[in-house]
Structures are given as structure tokens and as C-alpha cells.
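Asker: can't give you the sequence, but here's the structure:
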């Protein structure tokens, strides 16, 4: 994860962060009166850091913990492969679609107040998800989790500015926050495997309940942060999120019923109307959720487009690798979680160790293009999977290489997103970057899942259902045929992932500035990079 901090002579603070593991960024401008720590925070600084970081960990963790449980969820509810993606995309769409609104709500109504509301929503949603008797209610609970996460994540970071004064105290808080966000994805994969193996998949939802309650009890020591004037762009949030949901549903249904299906075409039409209306609202609103002026800069537009494709590849790699390892290779949930350690190592090396050094020496264009090339090679390596591929010789090196590429893009893209932006807009600029990553992940996963399902069914009609039927009947011959068909589907999806990363590479070369961006170490008040 990369964190940037800037100090103004007047004492105003703007902080922007970005994390590679399905995390988010948000920056909030506060007055010098707000940034002064309250007495409780001075007395309990360590606890205040822990409360904020634990909340961020919970949100980041939830982006990956459910991935490991997907095969168990699919077996319990007998979900079609195309429908299974909604367990992931429903959370990402709500989280990414409402992220900007959640941050704005904290600025207007008070950060601690909205932080608490987000915690309550997220915790209740986790309880409902764990108790869900069918997949429809599980997906509804995931949407509600996304709503809670969209409130928690931006307000958690803003609370660092309102609780800790500028200087060493805030830098330490940002360092802990960055570390917690950075390890969240790995913890999610390992904890998801442990809970699913030892108990059952429902505990990947239930685990959020004690964390949420504990963080909620600890919020009393945090500074409130005064509310501000303005209003929420509710029409923008509704039209934008609903348009994205319609688009994802159209893509998913198109893979099942065909893209000439009337309902599919109708959903595409609804999505086009809603998203066009969203742009009109943003252009005319005095308080837009997405300031379109930020997209007029070619470098920034290219940055958001690139991260959109990076998010697509990242979501897809987690999703398809999890299914491949647990279904085709017959890994247990815990083993599958541990199998992702090379992926986490690649992210840590590229984003945390190499990233700060590279941005100090090379332009963002060069770094991102090189990173996309590495990611493309890794994705192509995945596309060569067979039903009996070796983890050590195939999966492990491909995971490390893919993560090395994807992780290497995050820091230069973060710097490009906020470069040349007015101080009052730097927070929203970095928040849009994370919104693009989440939405790109949801859209990309729906497209690649459609490709995967189509390819698998071409090899063996209803390959997913046949696989489970053959496993239940103990038919090794049919099971082998079904596993081969599913692997062909996953391979096709990874080829699609290669195409997405190649598009990102071209966008980076054409759109990103050639000038070198300042590294975090060159900023006036750097926060640790983890």
C-alpha cells in the first residue's frame, strides 16, 4: 500500500492512500481546529490507532475472505457458475458505487457519526449473510456489507486527520493503517480457509461480528470531526450504481440466455440510459459525486482507465484460481488459502519494496507499462493450466509473476491520479482511483465469468452441474471430463485477462505523462509505504 501526505503552510491536511488488496482511498480536508487531537485521543493514542486500523482491516479482509469459501457456498446452494460471481460483484458494486458518497457523508454529517453507522450496517449485514438460507439473501447481505464498507473506509482514514495532530503521531497512525490495509487481503485468504475448513463457510461472515462490535465500542475515544456544509449527490449515487448493476446483470444473463435475448437487451438499454443520466447529473450538479473536471486531464483519465483494467484482472485471478484449486485440484479451503502466499509475496515486493524506488527513477508510463507486461505474462501462464498442473512448477511462479506485475502499477498510478490536482480535490481524485478499481473488478469478473462458462459448456454442456453430479455419483470418468471442461473455461477467462492487461498497457503508454513523478520520500510529509 502507498500513502501520501502533504502539509500546507496554513496547517490544513490532506491525506490520500491507496491499497492494492481491494482497499480504497479517501482524503479529507480539515481545519487546524479539527486536526488538533482531543484529550481522550492523546491519552489513548495507541487504542485510537488500533480502532481505526481494525475497521480498515475488516473491510479489506472481506474483499478476499469470501473468495476461499466460494466452492463451499456453491455446493450448499447449488449455484450455477454464472450466478456465483454475484457473491463477489454485489459487494464490489455497492462498495465502489457508493464510496464517494460515503466519504462525502462523513464530511457533512461528522466522521465519527458516519463511521459508527457504517460499522452497524456492516455488522448487521455480516450476521444476515451468515444466516442466509439461500443465495438471494446472501447476495442481498453482501450488498448491505458493501454499503457499510463504503461508509467505513473513507471515514476511517479521515478520522486519522481529525484524531491525530500533524507530525509523528499522524505519521505513525498512517503507517499502522497502511500496514493493516496491506495485509488485509492475505489475512482474508488465510482466515477464510481456516474458518471454512474448521467450521463452515458461514463463519467467513460471522467473523466480522465480534470485530465490528469491538471497533464500535472503541469509537468513543475518537474525535468527532465537525460536519460541513453541502449536500449528498443521492441522484448521482442511485443512477450510477443502478446503471452498473444493470450492466453487470446484462453481461451475466447474456452468457446464459444469449446476447440477443430480450431481457438481456433491455438491461443493456436500461444501463445505457441510467449511466448517461448519471453523467448529465454530474455535469449539472453543484455538489457532484464525481467531478467531471478531474476526467478532462488526459493523464488522470488514462490513470483511471488503467486501474479499471487492473482491477478486472485482479478480481478474476482470485476468483478463477480459487475455483480451479478447490474443484479441479481438490485443494481444501485451508490449503487453497495458503497457496496464495506467493501472490501476497509478489504484491509485497512490487508495491511495497520496489515501487517507491522505481517511481523515484522512472516515469509512471514506463513503470506501469512494464508492470502490465509482467502481469500479462503471468496471466498467459495461468491460461496454460491443465487438470493436473503442478502447483510448484506452474501455479506458484505464475502467481508471483502476476502479482509482481499488478502490484507494481499501484504506486505510480496513485501518484498520477493526484498529480497536478488542486489541494481541495486531491482526496476525491484518489478516491475515484479506488472506485474505478472496484467497479472494474465487478465488470471484468462478469465478462470473464461469461467467457469461462461459455467455453466450459462448449467443451461439455452444463459442465458445472455435470462436475458436481459426477462427484456425488462417484463417477471418475465423467468427473475427469467435467474437470477438463471447467479448466478449459478457466483458461479462456485467463486469456481474456491477458487482453484486459494488454489494453491497460496500451492506455498507459498513450495516456500517461512521460515525466517522472515525485516519490513519496520527496513529499513534504511522507507516510510510510507498506
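Answerer: Thanks, I have it. Given the structure is predicted, the values throughout are model-derived calculations rather than measurements.
Asker: How about the contacts made by the closest residue in space to residue 98 that isn't next to it in sequence?
Answerer: In space, and not counting its chain neighbours, residue 98 is closest to residue 150: 3.9 Å by CB to CB, 6 or more residues apart in numbering. C-beta here means a position set from N, CA and C on the backbone, and glycine is covered the same way. Residue 150 makes contact with 94-99, 101-102, 118, according to CB atoms under 8 Å, 6 or more residues apart in numbering.
Asker: same thing but at 10 Å, please
Answerer: 24, 59, 94-103, 105, 118, 121-122, 237, 241, 435, 438 (CB atoms under 10 Å, 6 or more residues apart in numbering).
Asker: same question, residue 255
Answerer: 81-82, 85, 264, 446-447, 449-454, 457.
Asker: circling back to that earlier point, quick one: which of the contacts of residue 150 sit in helices?
Answerer: Assignment to helices by DSSP state H places the following of the contacts of residue 150 there: 59, 94-103, 105, 118, 121-122, 237, 241, 435, 438.
Asker: I'd like to know which of those residues are buried.
Answerer: Among those, those classed as buried by 16 or more other CB atoms under 10 Å are 59, 94-103, 105, 118, 121-122, 237, 241, 435, 438.
Asker: Find the nearest non-adjacent residue to residue 123, please.
Answerer: residue 212 (3.3 Å).
Asker: Verify the contact between residue 347 and residue 401 for me.
Answerer: No. In this structure residue 347 lies outside contact range of residue 401 using CB atoms under 10 Å: 11.7 Å.
Asker: The two: which has the busier surroundings?
Answerer: Neighbours per residue (other CB atoms under 10 Å) separate residue 347 from residue 401, with residue 347 holding more: 26 against 22.
Asker: Which positions in the helix or strand harbouring the more buried one come out as buried?
Answerer: Assigned by DSSP states H and E, residue 347 falls within helix 341-347. By 16+ other CB under 10 Å, the buried positions in helix 341-347 come out as 342-347.
Asker: can you list those residues in a markdown table and add distance to residue 355 and pLDDT?
Answerer: Converted to a markdown table, the buried residues of helix 341-347 look like this (distance: CB to CB, whole Å; pLDDT from 0 to 100):
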| residue | distance to residue 355 | pLDDT |
| --- | --- | --- |
| 342 | 18 | 89 |
| 343 | 16 | 86 |
| 344 | 15 | 82 |
| 345 | 14 | 85 |
| 346 | 12 | 86 |
| 347 | 10 | 81 |
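Asker: quick one: which of those is nearest residue 47?
Answerer: Residue 47 lies nearest to residue 344 out of the buried residues of helix 341-347, by CB to CB, at 28.0 Å.
Asker: where does the stretch 401-530 of the chain have low pLDDT?
Answerer: Along the stretch 401-530 of the chain, segments meeting pLDDT under 70 span 421-427, 430, 514-530.
Asker: how about the helices of it, start to end?
Answerer: 426-459, 463-473, 476-511 (DSSP state H, counting those that start in this stretch).
Asker: which helices and strands sit right next to the shortest one?
Answerer: Yep, that's helix 463-473 we're talking about. Judged by 3 or more CB pairs under 10 Å, 6 or more residues apart in numbering; DSSP states H and E, helix 463-473 is in contact with helix 45-77, helix 81-84, helix 426-459, helix 476-511.
Asker: what's the angle between the last one and helix 463-473?
Answerer: Computed with axes from the mean of the first three to the mean of the last three CA atoms, to 10 degrees, the direction of helix 476-511 lies at 150 degrees from that of helix 463-473.
Asker: Measure how far helix 476-511 is from the centre of its chain, please.
Answerer: Relative to its chain's centre, helix 476-511 lies at 20 Å (CA atoms, centre = their mean, to the nearest Å).
Asker: what is the orientation angle of it with helix 426-459?
Answerer: With the same axes, to 10 degrees as the basis, helix 476-511 and helix 426-459 are set at 140 degrees to each other.
Asker: do the same with the first one
Answerer: Computed with the same axes, to 10 degrees, the direction of helix 45-77 lies at 20 degrees from that of helix 426-459.
Asker: where does helix 45-77 sit relative to the chain's centre, distance-wise?
Answerer: From the chain centre to the centre of helix 45-77 is a distance of 12 Å (CA atoms, centre = their mean).
Asker: now swap in stretch 143-157 and tell me
Answerer: 12 Å.
Asker: what does stretch 112-124 give?
Answerer: Computed by CA atoms, centre = their mean, the separation of stretch 112-124 from the middle of its chain amounts to 19 Å.
Asker: ok, and for it, which residues are buried?
Answerer: By 16+ other CB under 10 Å, the buried positions in stretch 112-124 come out as 112-119, 121-124.
Asker: will you turn these into JSON lines that also has pLDDT and distance to residue 320?
Answerer: Shown next, in JSON lines, are the buried residues of stretch 112-124 (pLDDT from 0 to 100; distance: CB to CB, whole Å):
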{"residue": "112", "pLDDT": "83", "distance to residue 320": "40"}
{"residue": "113", "pLDDT": "85", "distance to residue 320": "40"}
{"residue": "114", "pLDDT": "87", "distance to residue 320": "36"}
{"residue": "115", "pLDDT": "88", "distance to residue 320": "35"}
{"residue": "116", "pLDDT": "91", "distance to residue 320": "37"}
{"residue": "117", "pLDDT": "92", "distance to residue 320": "35"}
{"residue": "118", "pLDDT": "92", "distance to residue 320": "31"}
{"residue": "119", "pLDDT": "93", "distance to residue 320": "32"}
{"residue": "121", "pLDDT": "95", "distance to residue 320": "30"}
{"residue": "122", "pLDDT": "94", "distance to residue 320": "27"}
{"residue": "123", "pLDDT": "94", "distance to residue 320": "30"}
{"residue": "124", "pLDDT": "95", "distance to residue 320": "31"}
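Asker: Fine by me, thanks again.
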